[in-house]
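A.B. asks: quick one, structure for this:
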Amino acid sequence: MLTTHRKKAILDLLKRDGQVVATDLSVAFEVSEDTIRRDLRELAAEGLLQRVHGGALPASPATAPFAARLGVEAEAKLRIARKAASLISPGQVVIIDGGTTSDLLVRQLPAELAATVVTHSPSVAVALAGHASVEVILLGGRLFKHSIVTVGAAAIEAASHVTADLYFMGVTGVHPTAGFSTGDFEEAHVKRALAARAAETIVLASASKLNAASPYRIGDIGLSQGIIVERGIDKRVGLSLEKAGATLIHA
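C.D. replies: Next up, the predicted model:
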């Protein structure tokens with residue numbers, strides 16, 4: 001089999017099964033594991049998969065710069081944002097992550113809602129500046145321009161003084177075995193710190209993030225108490241997440 005054909009077959013298996021194991025691929029294609037590892041390395045360099053120990057997972061396409069993501073899956077993100085907004089009750093303290101879905105979420109909050117929003121996203125804070133009855137607490141730190149959020153020790157220290165009812169977390173990857181992941185090391189640390197300060201963590205996940213992984217792990221599926229997804233997601237993906245312990249909330 002030609003290398004190009006083998007690589008395509010690997011990607012097809014990855015799409016079908018949600019993960020591939022190097023030793024299994026070596027047997028299936030009758031080539032050495034070194035050859036398979038080279039294939040996986042080259043496919044990873046092209047952004048087509050995420051290598052893990054012993055094999056690979058689908059790569060998340062949700063790692064483009066913030067501006068480039070604004071128009072991606074816009075309708076689905078809006079439905080997810082509306083569902084998330086409906087879960088907020090008056091008087092609650094709510095942590096809202098950065099990201100394009102989070103930006104939509106705060107714009108769906110009822111004008112009469114009285115609540116407190118804690119965020120490390122300047123864009124989320126600015127979007128709430130005109131909301132008369134929502135108090136906004138902005139966590140400081142170094143601005144991570146890719147996602148327009150603050151990260152680092154200052155953001156984590158500030159988060160330690162918060163006790164929230166809900167945390168709406170944005171991710172770039174949701175996978176039954178790899179858990180929740182994102183594309184930046186420091187951002188993953190901040191997300192873990194925020195999740196630790198909330199009674200419930202709800203993950204916002206459009207279809208492109210499901211059954212995919214990014215380089216930096218936030219935590220396993222059990223980190224969240226719910227994942228808001230679109231109606232009509234691939235049934236196999238939904239079942240695999242539920243089998244891993246996820247509670248799916250359909251928008």
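A.B. asks: burial measure for Lys145, as a count.
C.D. replies: Using other CB atoms under 10 Å, Lys145 is surrounded by 9 other residues. To be clear about C-beta, it is placed using only N, CA and C from the backbone, and glycine gets the same treatment.
A.B. asks: torsion angles phi and psi at it?
C.D. replies: Note on Lys145: its backbone torsions stand at phi -70, psi -30 [degrees, to the nearest 10].
A.B. asks: what lies in contact with the longest helix seen in the chain?
C.D. replies: Longest helix in the chain, counting residues (DSSP state H): helix 3-17. For helix 3-17, contacts defined as CB atoms under 8 Å, 6 or more residues apart in numbering pick out 1, 20, 25, 29, 31, 36, 39-40, 42-43, 48-49, 56-58.
A.B. asks: next one: that helix to chain centre, how far?
C.D. replies: 24 Å (CA atoms, centre = their mean, to the nearest Å).
A.B. asks: sheet partners, orientation included, of the helix or strand following it?
C.D. replies: Proceeding C-terminally, helix 3-17 gives way to strand 20-21 as the next helix or strand, assigned by DSSP states H and E. With DSSP bridges as the test, strand 20-21 is paired with strand 55-58 (antiparallel).
A.B. asks: can you pull the domain assignment for the protein?
C.D. replies: Domain assignment for the chain, taken from the TED database, gives 3-58, 66-250.
A.B. asks: mean pLDDT added to the ones you listed, as CSV?
C.D. replies: Output for those, formatted as CSV (pLDDT from 0 to 100):
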stretch, mean pLDDT
domain 3-58, 90
domain 66-250, 93
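A.B. asks: most tightly packed of the ones you listed?
C.D. replies: Sort the domains of the chain by mean neighbour count, taking mean count of other CB atoms under 10 Å, and domain 66-250 sits at the top with a mean of 19.
A.B. asks: can you give me the helices for the stretch 151-251 of the chain?
C.D. replies: Assigned helices in the stretch 151-251 of the chain, in chain order: 153-159, 185-195, 235-243 (criterion: DSSP state H, counting those that start in this stretch).
A.B. asks: contact partners of the second one?
C.D. replies: What it means is helix 185-195. Outside helix 185-195, the residues that touch it by CB under 8 Å, 6+ apart are 95, 97, 120, 141-142, 144, 147, 149-152, 155-156, 159-160, 162, 167, 169, 171, 180-182, 201, 215-219, 223-224.
A.B. asks: go on, the first one?
C.D. replies: Among residues not part of helix 153-159, those counted as contacts by CB under 8 Å, 6+ apart are His120, Leu139, Gly140, Gly141, Arg142, His189, Val190, Ala193, Leu194, Arg197.
A.B. asks: what's the offset of it from the middle of its chain?
C.D. replies: With CA atoms, centre = their mean, you get 20 Å for helix 153-159.
A.B. asks: show the contacting residues for the spatially closest residue to Gln108 that is not a sequence neighbour.
C.D. replies: Take Gln108 and drop its neighbours on the chain: the residue closest to it by CB to CB, 6 or more residues apart in numbering is Ala85, 3.8 Å away. With contact taken as CB under 8 Å, 6+ apart, Ala85 is in contact with Leu105, Val106, Gln108, Leu109, Pro110.
A.B. asks: which element is Ala85 on?
C.D. replies: Per DSSP H and E: Ala85 is located in helix 74-86.
A.B. asks: gap between that helix and the chain center?
C.D. replies: The answer for helix 74-86 is 15 Å, by CA atoms, centre = their mean.
A.B. asks: any idea what the closest residue to Ala198 other than its chain neighbours is bridged to?
C.D. replies: Distances taken as CB to CB, 6+ apart place Tyr167 nearest to Ala198, at 3.6 Å, with adjacent residues excluded. When assigned by DSSP bridges, Tyr167 has beta-bridge partners Ile95, Thr201.
A.B. asks: what about Tyr167, distance to Ala246?
C.D. replies: Counting by CB to CB, to the nearest Å, the separation of Tyr167 from Ala246 is 16 Å.
A.B. asks: cool, thanks, signing off.
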